[in-house]
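Engineer: give me the fold of what follows.
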Amino acid sequence: MQDTSYELLTIFRDGGFMMIPLVLCSLVALGVILAKGWTLLVAHVDSQKLLKNIEELGTTGRLDEAMQTARETRGPVAAILVSGLTRVKDQQTGKDIEKAISTTGNIELDFLERGMNVLATIANVAPMLGFLGTVIGMIAAFAAIEAAGQVEPTLVASGIKVALITTASGLAIAIPVNIFYNWFVSRIDTLIMDMEKGAQAVLDLIWNAEARKRAQATGAGQA
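Structural biologist: Okay, here's the model as predicted:
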(Lines give C-alpha, C1' and ligand atoms only; values in the text may rest on other atoms or scores of the structure.)
Protein backbone atom coordinates (compact mmCIF):
# COMPACT_ATOMS: atom_id res chain seq x y z
CA MET A 1 0.00 0.00 0.00
CA GLN A 2 1.42 3.35 -1.03
CA ASP A 3 2.17 5.76 1.77
CA THR A 4 0.32 9.01 0.98
CA SER A 5 1.05 10.75 4.29
CA TYR A 6 2.79 14.13 4.22
CA GLU A 7 5.78 15.08 6.25
CA LEU A 8 6.01 18.64 7.56
CA LEU A 9 8.87 19.57 5.25
CA THR A 10 6.97 18.19 2.28
CA ILE A 11 3.92 20.25 3.17
CA PHE A 12 6.09 23.32 3.58
CA ARG A 13 7.70 22.81 0.16
CA ASP A 14 4.45 22.02 -1.66
CA GLY A 15 2.63 24.97 -0.10
CA GLY A 16 4.83 27.49 -1.85
CA PHE A 17 6.31 30.73 -0.62
CA MET A 18 3.14 31.66 1.32
CA MET A 19 4.10 28.99 3.86
CA ILE A 20 6.96 31.20 5.06
CA PRO A 21 4.75 33.89 6.69
CA LEU A 22 2.41 31.19 7.95
CA VAL A 23 5.25 29.36 9.70
CA LEU A 24 6.51 32.64 11.16
CA CYS A 25 3.02 33.35 12.50
CA SER A 26 2.86 29.93 14.11
CA LEU A 27 6.27 30.34 15.78
CA VAL A 28 5.45 33.80 17.15
CA ALA A 29 2.07 32.59 18.39
CA LEU A 30 3.62 29.56 20.07
CA GLY A 31 6.15 31.73 21.91
CA VAL A 32 3.49 34.15 23.12
CA ILE A 33 1.16 31.33 24.18
CA LEU A 34 3.84 29.58 26.23
CA ALA A 35 5.00 32.78 27.94
CA LYS A 36 1.51 34.15 28.59
CA GLY A 37 0.11 30.80 29.72
CA TRP A 38 2.86 30.28 32.30
CA THR A 39 2.61 33.87 33.56
CA LEU A 40 -1.15 33.79 34.03
CA LEU A 41 -1.17 30.33 35.58
CA VAL A 42 1.48 31.17 38.18
CA ALA A 43 -0.03 34.57 38.92
CA HIS A 44 -3.48 33.10 39.57
CA VAL A 45 -2.30 30.31 41.85
CA ASP A 46 -0.03 32.61 43.89
CA SER A 47 -2.75 35.26 44.14
CA GLN A 48 -5.29 32.88 45.64
CA LYS A 49 -2.85 31.78 48.33
CA LEU A 50 -1.76 35.35 49.00
CA LEU A 51 -5.28 36.66 49.50
CA LYS A 52 -5.97 34.00 52.11
CA ASN A 53 -2.73 34.76 53.98
CA ILE A 54 -3.30 38.52 53.88
CA GLU A 55 -6.82 38.09 55.23
CA GLU A 56 -5.55 36.05 58.15
CA LEU A 57 -2.66 38.42 58.92
CA GLY A 58 -4.77 41.53 58.46
CA THR A 59 -7.42 40.55 60.95
CA THR A 60 -4.76 40.26 63.64
CA GLY A 61 -3.07 43.53 62.70
CA ARG A 62 0.24 41.97 61.60
CA LEU A 63 0.95 44.43 58.80
CA ASP A 64 4.70 43.77 58.69
CA GLU A 65 4.16 40.05 58.12
CA ALA A 66 1.47 40.79 55.54
CA MET A 67 3.80 43.13 53.64
CA GLN A 68 6.65 40.62 53.73
CA THR A 69 4.36 37.89 52.42
CA ALA A 70 3.19 40.13 49.57
CA ARG A 71 6.76 41.06 48.63
CA GLU A 72 7.74 37.39 48.41
CA THR A 73 4.84 36.60 46.06
CA ARG A 74 4.74 37.15 42.32
CA GLY A 75 1.82 38.56 40.40
CA PRO A 76 -0.39 41.64 40.06
CA VAL A 77 -2.31 41.08 43.29
CA ALA A 78 0.94 41.03 45.26
CA ALA A 79 2.05 44.27 43.59
CA ILE A 80 -1.20 45.98 44.57
CA LEU A 81 -0.94 44.74 48.15
CA VAL A 82 2.65 45.91 48.48
CA SER A 83 1.73 49.33 47.12
CA GLY A 84 -1.21 49.69 49.48
CA LEU A 85 0.41 48.21 52.57
CA THR A 86 3.48 50.39 52.17
CA ARG A 87 1.32 53.48 52.32
CA VAL A 88 -0.74 52.09 55.18
CA LYS A 89 2.46 51.61 57.15
CA ASP A 90 3.52 55.18 56.27
CA GLN A 91 0.14 56.34 57.65
CA GLN A 92 -0.91 58.06 54.43
CA THR A 93 -4.52 59.13 53.89
CA GLY A 94 -7.13 56.82 52.45
CA LYS A 95 -7.33 58.80 49.19
CA ASP A 96 -3.57 58.55 48.68
CA ILE A 97 -3.71 54.82 49.26
CA GLU A 98 -6.61 54.36 46.84
CA LYS A 99 -4.80 56.43 44.21
CA ALA A 100 -1.62 54.36 44.60
CA ILE A 101 -3.61 51.12 44.36
CA SER A 102 -5.39 52.36 41.22
CA THR A 103 -2.12 53.37 39.56
CA THR A 104 -0.47 50.04 40.37
CA GLY A 105 -3.56 48.20 39.15
CA ASN A 106 -3.43 49.96 35.77
CA ILE A 107 0.26 49.14 35.39
CA GLU A 108 -0.30 45.47 36.23
CA LEU A 109 -3.31 45.27 33.92
CA ASP A 110 -1.17 46.58 31.06
CA PHE A 111 1.37 43.86 31.82
CA LEU A 112 -1.32 41.16 31.86
CA GLU A 113 -2.67 42.25 28.48
CA ARG A 114 0.77 42.47 26.90
CA GLY A 115 1.03 40.11 23.95
CA MET A 116 -2.73 39.65 23.59
CA ASN A 117 -2.84 41.98 20.58
CA VAL A 118 -0.21 39.79 18.94
CA LEU A 119 -2.38 36.69 19.33
CA ALA A 120 -5.46 38.54 18.09
CA THR A 121 -3.56 39.76 15.04
CA ILE A 122 -2.24 36.30 14.19
CA ALA A 123 -5.70 34.74 14.65
CA ASN A 124 -7.06 37.22 12.08
CA VAL A 125 -4.11 37.32 9.68
CA ALA A 126 -3.31 33.58 9.41
CA PRO A 127 -6.58 32.63 7.61
CA MET A 128 -6.15 35.63 5.30
CA LEU A 129 -2.64 34.49 4.40
CA GLY A 130 -4.05 31.03 3.76
CA PHE A 131 -6.75 32.42 1.49
CA LEU A 132 -4.15 34.52 -0.30
CA GLY A 133 -2.22 31.32 -0.93
CA THR A 134 -5.45 29.81 -2.26
CA VAL A 135 -5.85 32.62 -4.77
CA ILE A 136 -2.20 32.35 -5.82
CA GLY A 137 -2.57 28.59 -6.29
CA MET A 138 -5.70 28.96 -8.41
CA ILE A 139 -4.00 31.64 -10.51
CA ALA A 140 -1.12 29.24 -11.11
CA ALA A 141 -3.57 26.47 -12.06
CA PHE A 142 -5.41 28.60 -14.60
CA ALA A 143 -2.12 29.91 -15.95
CA ALA A 144 -1.03 26.32 -16.59
CA ILE A 145 -4.31 25.61 -18.40
CA GLU A 146 -3.89 28.74 -20.51
CA ALA A 147 -0.36 27.81 -21.46
CA ALA A 148 -1.28 24.25 -22.40
CA GLY A 149 -4.50 25.16 -24.18
CA GLN A 150 -6.32 22.21 -22.64
CA VAL A 151 -7.57 21.02 -19.25
CA GLU A 152 -5.73 18.09 -17.75
CA PRO A 153 -5.64 17.05 -14.06
CA THR A 154 -1.85 17.07 -14.01
CA LEU A 155 -1.78 20.69 -15.14
CA VAL A 156 -3.97 22.05 -12.34
CA ALA A 157 -2.96 19.61 -9.60
CA SER A 158 0.04 21.66 -8.49
CA GLY A 159 -1.91 24.92 -8.19
CA ILE A 160 -4.84 23.28 -6.40
CA LYS A 161 -2.40 21.59 -4.00
CA VAL A 162 -0.91 24.96 -3.11
CA ALA A 163 -4.40 26.38 -2.57
CA LEU A 164 -5.51 23.59 -0.27
CA ILE A 165 -2.28 23.43 1.74
CA THR A 166 -2.14 27.16 2.45
CA THR A 167 -5.84 27.31 3.38
CA ALA A 168 -5.52 24.35 5.73
CA SER A 169 -2.33 25.78 7.26
CA GLY A 170 -3.92 29.17 7.89
CA LEU A 171 -6.92 27.62 9.61
CA ALA A 172 -4.74 25.19 11.57
CA ILE A 173 -2.85 28.16 12.99
CA ALA A 174 -5.82 30.45 13.60
CA ILE A 175 -8.10 27.96 15.38
CA PRO A 176 -5.82 27.05 18.34
CA VAL A 177 -4.55 30.65 18.60
CA ASN A 178 -8.14 31.87 18.90
CA ILE A 179 -8.89 29.22 21.54
CA PHE A 180 -5.87 30.23 23.62
CA TYR A 181 -6.72 33.91 23.19
CA ASN A 182 -10.20 33.42 24.63
CA TRP A 183 -8.82 31.31 27.47
CA PHE A 184 -6.25 33.99 28.32
CA VAL A 185 -9.00 36.63 28.33
CA SER A 186 -10.96 34.59 30.87
CA ARG A 187 -7.83 34.17 33.03
CA ILE A 188 -7.11 37.88 32.87
CA ASP A 189 -10.70 38.62 33.94
CA THR A 190 -10.22 36.29 36.90
CA LEU A 191 -6.98 38.05 37.84
CA ILE A 192 -8.72 41.42 37.60
CA MET A 193 -11.23 40.14 40.15
CA ASP A 194 -8.34 39.01 42.34
CA MET A 195 -6.77 42.45 42.00
CA GLU A 196 -10.03 44.04 43.14
CA LYS A 197 -10.11 41.66 46.10
CA GLY A 198 -6.54 42.65 46.92
CA ALA A 199 -7.46 46.33 46.83
CA GLN A 200 -10.44 45.64 49.06
CA ALA A 201 -8.21 43.70 51.45
CA VAL A 202 -5.96 46.76 51.84
CA LEU A 203 -8.96 48.99 52.48
CA ASP A 204 -10.24 46.49 55.05
CA LEU A 205 -6.89 46.70 56.80
CA ILE A 206 -7.22 50.48 56.96
CA TRP A 207 -10.72 50.27 58.40
CA ASN A 208 -9.73 47.62 60.92
CA ALA A 209 -6.71 49.67 62.02
CA GLU A 210 -8.85 52.78 62.47
CA ALA A 211 -11.45 50.77 64.37
CA ARG A 212 -8.77 49.45 66.74
CA LYS A 213 -7.44 52.99 67.28
CA ARG A 214 -10.92 54.26 68.13
CA ALA A 215 -11.48 51.34 70.47
CA GLN A 216 -8.18 52.00 72.22
CA ALA A 217 -8.94 55.71 72.49
CA THR A 218 -12.39 54.97 73.90
CA GLY A 219 -10.95 52.50 76.40
CA ALA A 220 -8.27 54.98 77.48
CA GLY A 221 -10.86 57.74 77.91
CA GLN A 222 -13.10 55.55 80.04
CA ALA A 223 -10.11 54.52 82.18
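
Engineer: K36: neighbouring residues, count only.
Structural biologist: For K36, the count of nearby residues is 23 (other C-beta atoms under 10 Å). All C-beta spots, glycine's among them, are computed from the backbone N, C-alpha and C.

Engineer: surely it is in contact with G115?
Structural biologist: Yes - using C-beta atoms under 8 Å, K36 is in contact with G115, at 5.3 Å.

Engineer: could you check how far the nearest residue to M116 once chain neighbours are set aside is from T190?
Structural biologist: In this structure, M116 finds its nearest non-sequential neighbour in F184, 6.4 Å apart by C-beta to C-beta, 6 or more residues apart in numbering. Distance of F184 to T190, computed by C-beta to C-beta, to the nearest Å: 11 Å.

Engineer: thinking again about what came up before, so which strand or helix has the residue nearest to M116?
Structural biologist: Using DSSP states H and E, F184 sits in helix 153-222.

Engineer: what sits against the residue nearest to M116?
Structural biologist: Residues near F184 by C-beta atoms under 8 Å, 6 or more residues apart in numbering: K36, G37, L40, M116, L119.

Engineer: tabulate those residues (TSV), appending secondary structure and pLDDT.
Structural biologist: Shown next, in TSV, are those (DSSP: H, G, I helix; E, B strand; the rest coil; pLDDT from 0 to 100):
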residue	secondary structure	pLDDT
K36	helix	89
G37	helix	88
L40	helix	84
M116	helix	91
L119	helix	93
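
Engineer: which of those residues are buried?
Structural biologist: K36, L40, L119 (16 or more other C-beta atoms under 10 Å).

Engineer: looking at the residues you listed, which is nearest E65?
Structural biologist: The nearest member of the buried ones among the contacts of F184 to E65, counting by C-beta to C-beta, is L40 at 27.3 Å.

Engineer: kindly provide the distance from the closest one to P176.
Structural biologist: Where P176 is concerned, L40 sits at a distance of 17 Å (C-beta to C-beta).
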